[in-house]
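S.K.: after the sequence you'll find the predicted model.
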Amino acid sequence: MILLLPTLMVGIWEIVRHQFLMPYISMDLGNYLTPVLVFLVSLVLLVPLFSLMERNQRELEQERALKDAMKAREGLAKELHDGMAQSLFLLSVKIDRLEASRKNGEVSEESVDQIKKTVHEVNRYVRQAIANLKIPVSEQSSFSLEQSVKDQLAQMANEIMIEASLDWSLRDDALSPSEKSELLSCIREAIINVRKHTRAGLVSITGAGDEKSWCVVVADNGEGFQHDPFEMNGSYGLQIMKERALRMGWKLRLTSGDTGTQVEITKGEVSS
């Protein structure tokens, strides 16, 4: 409209002026009236258009701000779940053991120290989550995924008394820093679910592949799930894992039966 309106207006005005108004309006007066008419018509038609554009822009900005706020809330929820919620679960396990030991008259100083240590871990997770919200993702330092997985397995094996094994050949340079962070969060969630839901005595983790295609499997010998675990009440962690995999373009498959549960995360086509 901005491009065509002045052209059309001048064309129509010149036709009308030469065909019907020449006896009444001189050439000089007609030339003076041409820009005035173009300005008035443009003002009448374009001001509402610009108002509409400004209103749409404000609505888009409000929608963008709402999306940013929701994304920040989701990020905070994941930080709290990955750190504090899981540490609180481990704390509850230790308190149950302490209560059982108290009933048997076998309360040890070591059990109390472990509970204190877990409480300090919760505090550290909360502080770290707050700090991470202030650091852009691009500035977060890289880390060794294999070593992080080893640390997670060692912590779980020590705190909940479960046998753990690791067979890892997936190199760190096969994944970007963001991929390593998201994959570690998925592995951490799978490990903690082994103890929370399956009551397994053994958990194994395998990772293999390259930058084009890889596969990571977390398996246990627990009781398994009788129903779809993603539909269970309180399966917030599994939903987060599913959303992580979907966002990263990975495939997530969870199989469960009498012999245990297996969580498989793959990128690309991995040969068997």
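M.R.: Looks like it came in fine.

S.K.: and the nearest residue to Glu211 once chain neighbours are set aside, how far is that from Glu109?
M.R.: Among residues not flanking Glu211 along the chain, Ala174 sits closest, at 4.3 Å (Cβ to Cβ, 6 or more residues apart in numbering). Backbone N, C-alpha and C define where each C-beta goes, glycine included. Using Cβ to Cβ, to the nearest Å, Ala174 is found at 45 Å from Glu109.

S.K.: how close does the residue nearest to Glu211 sit to Gly268?
M.R.: Relative to Gly268, Ala174 is positioned 11 Å away (criterion: Cβ to Cβ).

S.K.: these two: who's more crowded?
M.R.: Ala174 (18 against 14; other Cβ atoms under 10 Å).

S.K.: buried residues in stretch 96-106, which are they?
M.R.: Neighbour counts over stretch 96-106 (16 or more other Cβ atoms under 10 Å) mark Leu98 as buried.

S.K.: do the same with stretch 10-28
M.R.: Residues of stretch 10-28 classed as buried: Trp13, Arg17 (neighbour count, 16+ other Cβ under 10 Å).

S.K.: what is the end-to-end distance of it?
M.R.: In stretch 10-28, first residue to last residue: 15 Å (Cα to Cα, to the nearest Å).

S.K.: contact partners of that stretch?
M.R.: By Cβ atoms under 8 Å, 6 or more residues apart in numbering, the residues outside stretch 10-28 that reach it are Gly30, Leu33, Thr34, Leu37, Val38.

S.K.: and Met53, what helix or strand is that in?
M.R.: helix 27-80 (DSSP states H and E).

S.K.: downstream of that helix, the next helix or strand is which one?
M.R.: Sequence order places helix 86-103 as the next helix or strand after helix 27-80, per DSSP H and E.

S.K.: need the helices for this structure, in chain order.
M.R.: Secondary structure of the chain by DSSP state H: the helices cover 4-16, 27-80, 86-103, 109-133, 145-160, 177-193, 236-248.

S.K.: so which of these is nearest Leu202?
M.R.: helix 145-160 (10.3 Å; Cβ to Cβ).

S.K.: re the thing from before, from the contacts of stretch 10-28, list just the buried residues.
M.R.: Taking 16+ other Cβ under 10 Å as the criterion, what is buried in the contacts of stretch 10-28 is Gly30, Val38.

S.K.: can I get the contacts of stretch 10-28 in JSON lines including distance to Met53?
M.R.: Shown next, in JSON lines, are the contacts of stretch 10-28 (distance: Cβ to Cβ, whole Å):
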{"residue": "Gly30", "distance to Met53": "34"}
{"residue": "Leu33", "distance to Met53": "30"}
{"residue": "Thr34", "distance to Met53": "27"}
{"residue": "Leu37", "distance to Met53": "24"}
{"residue": "Val38", "distance to Met53": "21"}
